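In: Any chance you can model this:
(one chain, ligands or ions: 1)
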Amino acid sequence: MYIEADSVRKKKEIKLGAWVRSNRPVFARRDLNFLLRTLFDKDSGYALFDEVLDFRALGYLEKLKELYIEGLPLAYILGKEEFFGLIFLLKRGVFIPRCDTEVVVERALELIHREEIYYVLDLCCGTGCISIAIDKTKEKRLKIFASDISQKALQSSSVNKRSHKSSVNFIQSNLLSAFKDRIFDLIVSNPPYIEENYFKDNHFLRYEPQEALRAGEDGLSFIKNIISDARLILKKNGFLVIEMGFAQKDSIERVLCDYEDWQVIEWFRDYSGNWRGVILKLG
Ligand code: GLN
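Out: This is a model prediction of the structure:
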């Protein structure tokens with residue numbers, strides 16, 4: 001949204017800076033920053049504090065604030081989210097990328113840099129943020145596939161594929177069902193992993209698609225499935241990088257006791273210092 005100088009109503013003029021100052025407490029800092037950068041299409045919204053808001057712009061900001069106060073995630077209000085320095089478009093019904101997941105991309109890129117990795121699969125891809133971020137940052141030629149069971153997720157991932165001129169192949173699949181005949185060198189996944197109790201207590205999650213979050217009583221139904229079945233489509237010495245809930249390390253360790261062929265390479269934390277995932281190698 002651009003604010004035209006000639007559409008300014010001189011009488012009741014309010015500057016963006018004044019609006020921001022009085023509404024700062026309403027927004028999380030990161031959200032306010034992203035909102036300003038998105039709406040005013042500048043690298044830093046703060047450069048525009050002297051802009052005078054016309055009635056239309058002010059009305060728009062106030063409406064947006066109302067939705068935000070009601071609890072609607074900013075990503076759905078704006079129709080986009082930033083992840084790994086890239087913008088991903090999304091609609092309601094599609095899982096919102098989290099900065100917690102950026103560490104999964106970092107681990108995948110380290111492996112790609114270090115190991116013989118060419119065929120990559122991103123399972124439960126949502127907006128496509130993991131696979132497209134890998135594709136945009138990679139240093140070598142990869143063949144990247146990404147899948148999701150949700151049609152809405154695939155619609156948004158194909159929009160993102162176009163906007164990032166990415167060559168990721170997006171495929172609809174119920175976990176591994178579409179990949180029975182393929183072999184990958186690396187599988188990355190941010191599957192649903194929210195346990196029932198956490199879901200009940202965290203109301204902000206109700207705006208997002210349940211099927212992208214809920215994973216049974218213990219939150220492990222998808223992770224267990226992937227740990228079991230990824231072995232069938234990974235080459236020997238291939239890797240699985242999987243995101244998990246911050247309190248799931250011990251229970252995943254117990255799950256792994258049943259599988260002699262998985263070797264734990266590293267448990268890793270997110271930027272907030274919480275356990276966030278594991279790198280496994282197929283022996
Ligand atoms: N990390 C997300 C959250 O806590 C959940 C992600 C997921 O289930 N894959 O909201």
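In: Now do the buried residues in the longest helix seen in the chain.
Out: Taking DSSP state H as the criterion, the chain has its longest helix at helix 55-70. By 16 or more other Cβ atoms under 10 Å, the buried positions in helix 55-70 come out as Ala57, Leu58, Leu61, Leu64, Lys65, Tyr68. All C-beta atoms are positioned from the backbone trio N, CA, C, and that covers glycine.
In: The fifth one against Pro25, yeah?
Out: No: the pair Lys65 and Pro25 does not pass the contact test of Cβ atoms under 8 Å, sitting 11.3 Å apart.
In: Are the helix or strand bottoming out on mean pLDDT in the chain and the ligand in contact anywhere?
Out: Within the chain, no helix or strand scores below helix 196-201, which has a mean of 85 by mean pLDDT, DSSP states H and E. No: on the criterion Cβ under 6 Å from any ligand atom, helix 196-201 is out of touch with the ligand, staying 7.9 Å away.
In: list the buried ones in that helix?
Out: Phe199.
In: Which elements pack onto the longest helix of the chain?
Out: Packing partners of helix 55-70 (3 or more Cβ pairs under 8 Å, 6 or more residues apart in numbering; DSSP states H and E): helix 16-23, helix 29-39, helix 74-78.
In: residues from the stretch 51-200 of the chain in reach of the ligand?
Out: Contacts of the stretch 51-200 of the chain with the ligand, taken as Cβ under 6 Å from any ligand atom, map to Arg98, Asp100, Asn190, Pro191, Pro192, Tyr193, Ile194.
In: Show me the shaky parts of the chain.
Out: 1-12, 41-47 (pLDDT under 70).
In: quick one, phi/psi of Asp148?
Out: When read as degrees, to the nearest 10, the backbone of Asp148 gives phi -150, psi 150.
In: Tell me which residues touch it, please.
Out: Cys124, Cys125, Gly126, Leu154, Ser157, Phe170, Gln172, Ser173 (Cβ atoms under 8 Å, 6 or more residues apart in numbering).
In: out of the helices and strands packed on helix 55-70, deepest packed?
Out: Compared across the helices and strands packed on helix 55-70, helix 74-78 shows the largest average neighbour count, a mean of 20 (mean count of other Cβ atoms under 10 Å).
In: and after it, which helix or strand comes next?
Out: strand 80-83 (DSSP states H and E).
In: packing partners for that next one?
Out: The helices and strands touching strand 80-83, judged by 3+ Cβ pairs under 8 Å, 6+ apart, are helix 29-39, strand 86-89, helix 129-137.
In: angle of the longest one against helix 16-23?
Out: This points to helix 29-39. On the basis of axes from the mean of the first three to the mean of the last three Cα atoms, to 10 degrees, helix 29-39 is oriented at 150 degrees to helix 16-23.
In: can you give me how far helix 29-39 is from the chain middle?
Out: 17 Å (Cα atoms, centre = their mean, to the nearest Å).
In: Can you dump the C-alpha atoms of it in CSV for me?
Out: Taking Å, rounded to 0.1, in the frame of the first residue of the first chain, the C-alpha atoms of helix 29-39 are listed here in CSV:
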residue,chain,number,x,y,z
ARG,A,29,7.8,-6.2,18.0
ARG,A,30,8.5,-8.6,15.2
ASP,A,31,4.9,-8.4,13.9
LEU,A,32,5.0,-4.6,13.9
ASN,A,33,8.2,-4.5,12.0
PHE,A,34,7.0,-7.0,9.4
LEU,A,35,3.7,-5.2,9.1
LEU,A,36,5.3,-1.9,8.4
ARG,A,37,7.8,-3.4,5.9
THR,A,38,5.0,-5.2,4.2
LEU,A,39,2.4,-2.4,3.9
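In: For the next helix or strand after it, name the packing helices and strands.
Out: Using DSSP H and E, the helix or strand that follows helix 29-39 in sequence is strand 52-53. Counting contacts by 3+ Cβ pairs under 8 Å, 6+ apart, strand 52-53 packs against strand 14-15, helix 16-23.
In: let's go with 6 Å and repeat that
Out: Using 3 or more Cβ pairs under 6 Å, 6 or more residues apart in numbering; DSSP states H and E as the contact test, no helix or strand touches strand 52-53.
In: who touches it?
Out: Residues from elsewhere that reach strand 52-53, judged by Cβ atoms under 6 Å, 6 or more residues apart in numbering: Val8, Glu13, Ile14, Lys15, Leu16.
In: Distance check, the fourth one against the ligand.
Out: When distances are taken as Cβ to the nearest ligand atom, to the nearest Å, Lys15 and the ligand turn out to be 36 Å apart.
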